[in-house]
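> For reference, the sequence and a predicted model appear below.
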Amino acid sequence: MTTARLAPRTALFLPASNPRAIAKARGLDADMVILDLEDAVRDDAKAEARAAAVAAVAEGFGHRLCAIRINGIESAEHAADLDAVAASVCDFVVVPKVETVADAAAIAEAVGKPLLAMIETPLGVLAAADIAAVPGVGGLVAGVNDLRATLGIPAGAGREGLILSLQTIVLAARASAVWAIDGVFNALDDAEGLGAECRYGRVLGFDGKSLIHPNQIPVAAQAFGPGEAELAEARALIAAATGGAERFGDRMIEAMHVAQARALIERHRG
């Protein structure tokens, strides 16, 4: 499905079992808050976390988009999660380890809300284009930690082994005009490394970044922009364009570039 809303530059994952983190999130500058029922919650706390997530989205997060990440299809909690999010007022449902069109379609029908499908395995990467095209899928999220594990990438390695998978996810998302959200950066005290990874993610074409700590928000927001220099150039380009192919500064522009400039300004306003 084509996603009309502006994609989040910053998508912050929070344990749905942590009421203090949820309360704090209402004062943060994240574009999207994702209440996690999966990896961040102990098995014996799943039911309580599920109820807390539904209550939290009912209370709202102001202007921020809110989503709930459910447990995967093989989990004993999956069916209860589907029922809960279907009855909730969350904006999106984040689905882990999506590998097939059939699974994405069934979950989309069950919850009646747009999905953010996490691509976390080789099968998911190979099926990404078909998954993105499923009615009800609003975006793809790169699940980089699980991708590293399933691809056999050594711990501590850079992103070199992920490049094909990441580009495939972006291509699949763009082909169906849905969002592409980059995966998490695990180091909590490395702002420089986070910034570099975010900037590279933007170069690959991602719309925004999955985050695991509030301190990561400003770095990711700045990297995914737009910055003041970009905005100034976009406004100048729009003002200078007269239609058709023409020179703007030291480069050629056409209608496509004007559309891109307008989209950049719209993103800033959003």
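Okay, I see it. As the structure is a computational prediction, the values presented were derived from the model and not from experiment.
> what ranges do the helices span in this protein?
19-25, 46-59, 78-87, 101-111, 122-126, 128-132, 144-151, 163-175, 191-204, 217-224, 228-240, 255-269 (DSSP state H).
> Mind checking the pLDDT average for the fourth one?
Put plainly, it is helix 101-111. Helix 101-111 comes out with an average pLDDT of 98.
> residues making contact with that helix?
73, 82, 85-86, 93, 95, 98, 114-115, 117, 127, 130-131, 134-137 (C-beta atoms under 8 Å, 6 or more residues apart in numbering). For glycine as for every other residue, the C-beta is placed from the backbone atoms N, C-alpha and C.
> In JSON lines: the helices of the chain, plus mean neighbour count and distance to Asp39.
Below are these laid out as JSON lines (neighbours: other C-beta atoms under 10 Å; distance: least, C-beta to C-beta, whole Å):
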{"stretch": "helix 19-25", "mean neighbour count": "15", "distance to Asp39": "15"}
{"stretch": "helix 46-59", "mean neighbour count": "18", "distance to Asp39": "11"}
{"stretch": "helix 78-87", "mean neighbour count": "18", "distance to Asp39": "13"}
{"stretch": "helix 101-111", "mean neighbour count": "18", "distance to Asp39": "18"}
{"stretch": "helix 122-126", "mean neighbour count": "19", "distance to Asp39": "16"}
{"stretch": "helix 128-132", "mean neighbour count": "23", "distance to Asp39": "20"}
{"stretch": "helix 144-151", "mean neighbour count": "17", "distance to Asp39": "9"}
{"stretch": "helix 163-175", "mean neighbour count": "19", "distance to Asp39": "19"}
{"stretch": "helix 191-204", "mean neighbour count": "17", "distance to Asp39": "20"}
{"stretch": "helix 217-224", "mean neighbour count": "20", "distance to Asp39": "20"}
{"stretch": "helix 228-240", "mean neighbour count": "14", "distance to Asp39": "35"}
{"stretch": "helix 255-269", "mean neighbour count": "14", "distance to Asp39": "30"}
